[in-house]
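>>> please work out how this folds:
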Amino acid sequence: MGYSLPKLTKILVAGDISTGRFFLDNFKDSGFEIHFVESSMGAMQQLEDGIFQIVVADDRLSDMSGIQFLERCKTFAPDILRVLIVREGDMKVLIEAINRGGIFKILMDPLDTKEAMNALSDASLHYWTEKEHERLSNLIREQNTELVVRTINQDKEIHERTASLLNGLVAALDLRDSDTQWHSRRVSLYSRRIAKALGIKGDELSQIERGALLHDIGKIGIRDSILLKPGRLTKEEWEEMKRHPEMGYRILEGSDFLEHERIIVLHHQERYDGKGYPQGLKGKEIDIGARIFAIADTFDAMTSDRPYRKSLPFKIAREEIIRCSGTQFDPRIVEAFLSVPAHEWREIRERLEGRDLHQESQSAIKPPPITQTLITPQDNTKPRE
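Presented below is the predicted three-dimensional model:
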């Protein structure tokens, strides 16, 4: 069954009459169910009686500040996403809201219909994506429990189910950060193309593609407040973020057909010059799949739009990869990347555009055929020279 967001998101609006009229008039036919109350007490009662996905509060409620009200909302609905309306120019309230944290979006009054629609749409997508992410996380834990008692005759079924769950997690992770949707799928196809340019064939080619697809699966264990933080991370936050390769390695621990992919996930933030993490590996100590991924990842990052800049031209991305040859990247793999015609990179990107992210990712990881002799970790984890 494909991943889809619910058609209706319930939103509770607390504020004065003009605020209520703004949301009721502008968003009643926009896929949102708007409920309006003037007082914080009335809003609390609504939260106790019903389930809402988003609460919007004017900072100047009749009986308390909007920030105080949104903090109290945590008690009644800890999962609800909170949006605060602040008067334009009211820097004191704005700074207080930022310092206290826990507010998903801030809207400036006078309210703008387009800005408000974007905020509500982002909040709705975020809420339901997190619910899907939670469902998939619970499901994979249940499946891992079942794996313990499975017999060897059920290996094929186990592999197929694990592949399906991992595909779902990859899709949920890409949806979790709307700025990087399709990133995992693109870098997996870029990595496969670079590997082919190196002469890699057969099972190893598929392993490198799957390892690149799963590279950030460890971010399932990183808090949203860090993963989606728009500004610079603190030292402590950065240390937590750097744990995601090891987290991903542990997540794939129970999947015996993904032994090589686990190593790629573990090594994907290492650098050719030894300045990467988590192990500070250098040169050929780094798995070849991870060395290939490093170029594919950088290429995709530079040639994709980001909130803070537009995508860079292929020529500039190519020059940057050449510049980092021998430091960040393996020179031999840089040469393989440079041997691929520019139009092939464009074709890979264009092939994915317009497709459904979840449905595409559902077929990305396919388990290998079950044979009588399974590949052991010793067979598969030695780095290719």
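>>> what segments of the stretch 51-200 of the chain are strands?
Along the stretch 51-200 of the chain, the segments classed as strands by DSSP state E, counting those that start in this stretch run 54-58, 81-87, 105-109.
>>> who does the second one touch, helix- and strand-wise?
Spelled out, it's strand 81-87. strand 54-58, helix 66-76, helix 91-100, strand 105-109, helix 113-149 (3 or more CB pairs under 8 Å, 6 or more residues apart in numbering; DSSP states H and E). All C-beta spots, glycine's among them, are computed from the backbone N, C-alpha and C.
>>> can you rerun that using 6 Å?
Using 3 or more CB pairs under 6 Å, 6 or more residues apart in numbering; DSSP states H and E, the elements in contact with strand 81-87 are strand 54-58, helix 91-100, strand 105-109.
>>> with mean pLDDT, distance to residue 202 and mean neighbour count added, can I get those in a markdown table?
What follows is the helices and strands packed on strand 81-87, written out as a markdown table (pLDDT from 0 to 100; distance: least, CB to CB, whole Å; neighbours: other CB atoms under 10 Å):
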| stretch | mean pLDDT | distance to residue 202 | mean neighbour count |
| --- | --- | --- | --- |
| strand 54-58 | 92 | 50 | 26 |
| helix 91-100 | 74 | 53 | 13 |
| strand 105-109 | 89 | 49 | 17 |
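>>> adding distance to residue 260, write these out as a markdown table.
Below are the helices and strands packed on strand 81-87 laid out as a markdown table (distance: least, CB to CB, whole Å):
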| stretch | distance to residue 260 |
| --- | --- |
| strand 54-58 | 43 |
| helix 91-100 | 44 |
| strand 105-109 | 42 |
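>>> right, and the ones you listed - which one's nearest residue 134?
Shortest distance between residue 134 and those, using CB to CB, is found for strand 54-58: 17.1 Å.
>>> what angle do the closest one and strand 81-87 make?
On the basis of axes from the mean of the first three to the mean of the last three CA atoms, to 10 degrees, strand 54-58 is oriented at 20 degrees to strand 81-87.
>>> partners of strand 54-58, with directions?
Strand pairing for strand 54-58, using DSSP bridges, gives strand 9-14 (parallel), strand 81-87 (parallel).
>>> after the first one, next one along is what?
In the C-terminal direction, the helix or strand that comes right after strand 9-14 (DSSP states H and E) is helix 17-27.
>>> CA-only coordinates of that next one in CSV, if you can.
The C-alpha coordinates for helix 17-27 follow below in CSV (Å, rounded to 0.1, in the frame of the first residue of the first chain):
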residue,chain,number,x,y,z
ILE,A,17,-12.5,37.6,16.2
SER,A,18,-10.5,39.0,13.3
THR,A,19,-7.9,36.2,13.6
GLY,A,20,-10.7,33.6,13.6
ARG,A,21,-12.4,35.2,10.6
PHE,A,22,-9.1,35.2,8.7
PHE,A,23,-8.6,31.4,9.1
LEU,A,24,-12.3,30.4,8.7
ASP,A,25,-12.8,32.5,5.6
ASN,A,26,-9.5,31.6,3.8
PHE,A,27,-9.0,28.0,4.7
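>>> I'd like the numbering to begin with 24 instead of 1 from here.
From this message on, residue numbering opens at 24, which makes the last subject helix 40-50.
>>> now it: how far from the chain's centre is it?
Centroid displacement of helix 40-50 relative to its chain, using CA atoms, centre = their mean, to the nearest Å, is 33 Å.
>>> now swap in stretch 306-321 and tell me
Computed by CA atoms, centre = their mean, the chain-centroid distance of stretch 306-321 equals 21 Å.
>>> pLDDT below threshold where in the stretch 24-173 of the chain?
Within the stretch 24-173 of the chain, the segments meeting pLDDT under 70 span 24-30, 122-124, 169-173.
>>> now do 50
For the stretch 24-173 of the chain, the stretches flagged by pLDDT under 50 are 24-26.
>>> surely residue 32 touches residue 146?
No: using CB atoms under 6 Å, residue 32 makes no contact with residue 146, being 8.1 Å away.
>>> what sits against the nearest residue to residue 299 once chain neighbours are set aside?
Excluding the flanking residues, the one nearest residue 299 by CB to CB, 6 or more residues apart in numbering is residue 293, at 3.8 Å. Residue 293 makes contact with 299, 304, 309, according to CB atoms under 6 Å, 6 or more residues apart in numbering.
>>> list phi and psi for residue 293.
phi -80, psi 160 (degrees, to the nearest 10).
>>> look up how far residue 309 lies from it.
5 Å (CB to CB, to the nearest Å).
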